[in-house]
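>>> sequence plus predicted model, see below.
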Amino acid sequence: MVCILMWIAQEGFRDEELFIPRSIFEEKGYTVNVVSHEAGTAWSKFGKTIEVIGIDEIKLEDYDAFLLVGGPGSFEYTDDEKLHQYIRDARKIKLIGAICHAPNILARAGLLKGKKATVWGEPDIFEKEGVLFENKPVVRDGNIITANGPDAALDWAKEIVNYFECQFGK
């Protein structure tokens with residue numbers, strides 16, 4: 001069974017980027033856990049709440065994917081060394097993904113250097129970090145899948161499902 005860990009900002013994650021993919025993954029029978037820096041309640045940009053696991057409570061080796069959700073709350077984590085360390089450790093698992101602003105976090109953690117990716121907004125951080133920006137809704141480069149914002153949430157989820165169906169079969 002596929003196990004997915006979705007990271008969100010404690011405050012200000014983008015609703016569509018969490019709830020649409022999560023529902024697609026759960027419909028496929030995947031296990032999905034949502035994590036943030038602190039255990040407890042997280043709030044979306046539009047006021048929805050969700051209970052989350054604290055990032056220090058997880059073991060990445062228990063998961064097949066580590067996905068970062070964007071939204072305005074993710075901006076403050078662009079240079080968060082604690083999150084960067086989890087991202088670097090996640091290289092050991094099958095799939096890493098990010099949507100909206102969150103690909104910038106992957107770039108700053110050093111994961112996207114020389115890789116093709118997309119992001120919401122201007123690719124300034126990509127340019128500084130040696131990322132090959134593609135102006136597309138969803139970009140896959142090996143085991144990294146990025147998407148450029150809430151309008152791409154469904155396609156991002158479908159590309160992640162496609163990745164796992166190719167890995168494990170339907």
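Looks like it came in fine. Numbers count the residues shown, from 1 in each chain.
>>> going by C-alpha atoms from here, please, whenever you check contacts or count neighbours.
OK.
>>> mind listing the helices for this structure?
With DSSP state H, the ranges of helices along the chain come out as 15-27, 81-89, 102-108, 124-129, 153-168.
>>> buried deepest among these, which one?
helix 102-108 (a mean of 27; mean count of other C-alpha atoms under 10 Å).
>>> which elements pack onto that helix?
Under the contact criterion of 3 or more C-alpha pairs under 8 Å, 6 or more residues apart in numbering; DSSP states H and E, helix 102-108 touches helix 81-89, helix 124-129.
>>> now with 7 Å?
Helices and strands touching helix 102-108, as assessed by 3 or more C-alpha pairs under 7 Å, 6 or more residues apart in numbering; DSSP states H and E, comprise helix 124-129.
>>> list the contacts for the nearest residue to Arg22 once chain neighbours are set aside?
Nearest non-adjacent residue to Arg22, counting by C-alpha to C-alpha, 6 or more residues apart in numbering: Val32, 6.8 Å away. By C-alpha atoms under 7 Å, 6 or more residues apart in numbering, Val32 lies in contact with Cys3, Ile4, Leu5, Arg22, Glu26.
>>> how about 10 Å then?
Applying C-alpha atoms under 10 Å, 6 or more residues apart in numbering to Val32 gives the contacts Val2, Cys3, Ile4, Leu5, Met6, Pro21, Arg22, Ser23, Phe25, Glu26, Tyr63, Ala65.
>>> those: which two are farthest apart?
Between any two of these, the greatest separation by C-alpha to C-alpha is 17.5 Å, found for Ser23 and Tyr63.
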